[in-house]
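> here is a sequence with its predicted model. Questions after.
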Amino acid sequence: MNILGISISPSDHGFCFLRDGAVQSAVQNISFSAGSFEVSLQQAGIVLGDVDLLAVCDKPILQWQRIMKASLSQVPEGSMMFLKEALPWIRRHAWMKKTFGPKSAFHGEVLFVGRHQSLVAAAFSQSNLSDAAFLTFDTGVELVTSCFGVGALDDFCVQAEQYYPHSLELFCSAFMPVTGVVRGDVNHFLGLASKGKADYADLLFAEFMDLKEDGSFRLDMNCFNYRNGLTVSSTGLSRLIGCFNDNAEISARDLARSVQIVAETILSRTLKYLYYISGKSRLCILGSGTSHCLGGDTVWENSAFDEVSVEESGNGAVGAALFVWQQYLRQQSIKSLPVGSEI
Amino acid sequence: MTCTQDILVAVGARCFGLVLSTVLALLSWYCLLHDSMSGGFVLSVIAFGTLLLSLFSSGMLVMPVRVFLALWGKIYICLQGAFLLVVFFLIISPLGLAISVFGSEFVSKGQIRRNRKYRNKAPGSYWTTLSDTERMYRTLYRPLSLIIVNEK
């Protein structure tokens, strides 16, 4: 059984070829268009005609729901954002079956796997942990921004979720431009944070979010807006400026450190709650950029879990392919067994 | 029936068809968003059918309008009663109850501002615990239709 896993989200795009459950090749950061994609496959020695199943990381309808939610919450300003996001969505997903349809050599089945399921499957396969709790963080490409649950690679279930735009990663990255750091330049942000004091942590907790004891939180959306990703709004800035010192550089350092403290607090509380609710001693975490924002492993080391595996970046394509192999096909084979057969 | 009434019924039938098809189309969109392909398909077909009827053969939609006009007096009284009940039970009564229990501070400006700040504020947690059905929905599916594979 040959499975081709692909991921076409803007932050994570690549493919993975799985033959009978073993990863044959995995490529990340390739451009996804009908022509170039087939060329990349050929370079990796994959013949599209040999592929039995195509596993796509991301569920298009959940992405669409996220786009609608974000756009409708900011009418009329959100209409431009809607066009900006909806058109690439249509380009990426609506014609997918055509891309791999009758004209191409692929004649198998296309399956869409949830982003977080893919990430969890990828994280489990990398960590080799079984019977463990898992926790994922994401920017909310697919509505869900974080989730946790228990299980192993071949059988896990999501227990609870948090939804867009209440994302830890978005929260951290929203403050990067405020501190003078280019969005995504995590090292620069960590460098600032290492020199600062957490003077604004209380302000962030009080004015920017409502954090619960179990690590779940709601961002006060008056302080943020969605344009060009989640950014701090003018209301949020005015709340910050009210507490800024005269020396802007020191304030930026302190703000970076404060954001780091907030992230650490959220993660510490979540881990405590997860340990309590899951009853597992092992933990598998996947969150691109989250651990960067923490700038150290103190949170994981101080948690009650005996063994913690942290995967900073997930390969959605590998996860989708593994998920289909480990769970979908297994369940299909169980279904096809005669009634009363031992599994 | 007078000519004016006939025109009213004809226009009413067309409007009724348009409104009904819009509502059904919105419902089908809602179904699709919640991964119910079959529901979305059935509702969109009915919506499209109703739209065609209202545009090209609105005479078939005259009956519900006639019934509505015949019963308008009773419907009007019921609507008034329902409105009063809603106003009393959903607004005045709970407000009075809240003030009597929590005091007038409950409706102070500051408290209302605090309440508005975090909409949908959960009492203890913002984690959304998934039900068994939702877990199955999350398992795997096609672009729009839903194939439940996890039957445990």
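That came through fine.

> and whichever residue of chain A sits closest to chain B, how many residues sit next to it?
As assessed by Cβ to the nearest Cβ, chain B sits closest to A:Ser216 within chain A, at 3.6 Å. Just so you know, the C-beta spots here come from the backbone N, C-alpha and C atoms, and that holds for glycine as well. Per other Cβ atoms under 10 Å in any protein chain shown, the neighbour tally for A:Ser216 reads 23.

> so it is in contact with B:Tyr126, correct?
Yes - counting by Cβ atoms under 8 Å, A:Ser216 touches B:Tyr126, with 3.6 Å between them.

> just the residues of the stretch 51-200 of chain A that are near chain B, which are they?
A:59-61, A:64-65, A:68, A:93, A:96-97, A:110-114, A:117, A:148, A:157-163, A:166 (Cβ under 8 Å from any Cβ of the partner chain).

> check the residue of chain A closest to chain B and give its pLDDT.
Note on A:Ser216: pLDDT of 89.

> please apply the same query to A:Asp131.
85.

> list the helices and strands the longest helix along chain B packs on?
Longest helix in chain B, counting residues (DSSP state H): helix B:3-33. Here helix B:3-33 touches helix A:60-72, helix B:37-56, helix B:62-70, going by 3 or more Cβ pairs under 8 Å, 6 or more residues apart in numbering or on different chains; DSSP states H and E.

> just want the angle from the helix or strand immediately after the shortest one in the chain to helix B:62-70.
Put plainly, it is helix B:62-70. Per DSSP states H and E, helix B:62-70 leads on to helix B:72-86 as the next helix or strand towards the C-terminus. Between helix B:72-86 and helix B:62-70, the angle comes out at 70 degrees (axes from the mean of the first three to the mean of the last three Cα atoms, to 10 degrees).

> and for helix B:72-86, what's in contact with it?
Applying Cβ atoms under 8 Å, 6 or more residues apart in numbering or on different chains, the contact partners of helix B:72-86 are B:Phe68.

> export it as CSV, just CAs?
The C-alpha trace of helix B:72-86 is given here as CSV (Å, rounded to 0.1, in the frame of the first residue of the first chain):
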residue,chain,number,x,y,z
TRP,B,72,-53.7,36.7,10.3
GLY,B,73,-55.9,38.0,13.1
LYS,B,74,-55.1,35.1,15.4
ILE,B,75,-51.4,35.1,14.4
TYR,B,76,-51.2,38.8,15.2
ILE,B,77,-52.6,38.3,18.7
CYS,B,78,-50.3,35.4,19.3
LEU,B,79,-47.3,37.5,18.2
GLN,B,80,-48.2,40.2,20.6
GLY,B,81,-48.6,37.8,23.4
ALA,B,82,-45.3,36.1,22.6
PHE,B,83,-43.6,39.5,22.5
LEU,B,84,-44.9,40.5,25.9
LEU,B,85,-44.0,37.1,27.4
VAL,B,86,-40.5,37.4,26.0
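
> quick one: the residue of chain A closest to chain B and B:Ser125, what's the gap?
5 Å (Cβ to Cβ, to the nearest Å).

> go on, A:Leu204?
Counting by Cβ to Cβ - A:Leu204 and B:Ser125 are separated by 20 Å.

> name the residue in these two with the higher neighbour count.
Between A:Leu204 and B:Ser125, A:Leu204 has the larger neighbour count (other Cβ under 10 Å), namely 23 against 16.

> A helix includes the more buried one, no?
Yes - counting by DSSP: H, G, I helix; E, B strand; the rest coil, A:Leu204 is located in a helix.

> what sits against it?
A:258-259, A:262.

> which of the residues you listed are close to chain B?
Okay, of those, nothing touches chain B (Cβ under 8 Å from any Cβ).

> ok, A:Arg253 touching A:Leu190?
No - using Cβ under 8 Å, A:Arg253 is not in contact with A:Leu190, being 11.2 Å away.

> what mean pLDDT does the longest helix of chain B get?
Per-residue scores along helix B:3-33 average to 82.

> run the angle between that helix and helix B:37-56 for me.
Going by the same axes, to 10 degrees, helix B:3-33 makes 160 degrees with helix B:37-56.

> and helix B:3-33, what's buried?
For helix B:3-33, burial by neighbour count (16 or more other Cβ atoms under 10 Å in any protein chain shown) applies to B:9, B:12-14, B:16-18, B:20-21, B:24-25, B:27-28, B:31-32.

> am I right that A:Met176 sits in a helix?
No - counting by three-state DSSP, A:Met176 is not part of a helix but coil.

> how about the nearest residue to it, chain neighbours excluded?
A:Arg183 (5.0 Å; Cβ to Cβ, 6 or more residues apart in numbering or on different chains).

> and the next helix or strand past the lowest-mean-pLDDT helix or strand in chain B?
Every helix and strand of chain B was ranked by mean pLDDT, DSSP states H and E. The lowest is helix B:109-117, at a mean of 54. Next along the chain after helix B:109-117, taking DSSP H and E as the criterion, comes strand B:128-129.

> what helices and strands are in contact with that next one?
strand A:155-163.

> check contacts around the closest residue to chain A within chain B.
Distances between chain B and chain A by Cβ to the nearest Cβ are smallest at B:Tyr126, namely 3.6 Å. Neighbour list for B:Tyr126: A:162, A:166, A:210, A:212, A:216-218 [criterion: Cβ under 8 Å, 6+ apart].

> among these, which are in strands?
A:162, A:210, A:217-218 (DSSP state E).

> now these: which count as buried?
A:162, A:210, A:217-218.

> next up, phi/psi of the residue positioned nearest the centre of chain A, please.
Per Cα atoms, centre = their mean, the C-alpha nearest to the average position across chain A is that of A:Asp138, at 2.6 Å. When read as degrees, to the nearest 10, the backbone of A:Asp138 gives phi -150, psi 170.

> nearest residue to it in space, please, no chain neighbours.
Once chain neighbours are set aside, the closest to A:Asp138 by Cβ to Cβ, 6+ apart is A:Thr145, at 5.8 Å.

> so that neighbour versus B:Ser21, what's the distance?
Counting by Cβ to Cβ - A:Thr145 and B:Ser21 are separated by 36 Å.

> do A:Ser258 as well
54 Å.

> could you chop chain A up by domain?
A:2-57+A:59-113+A:315-336, A:126-311 (automatic domain parsing).
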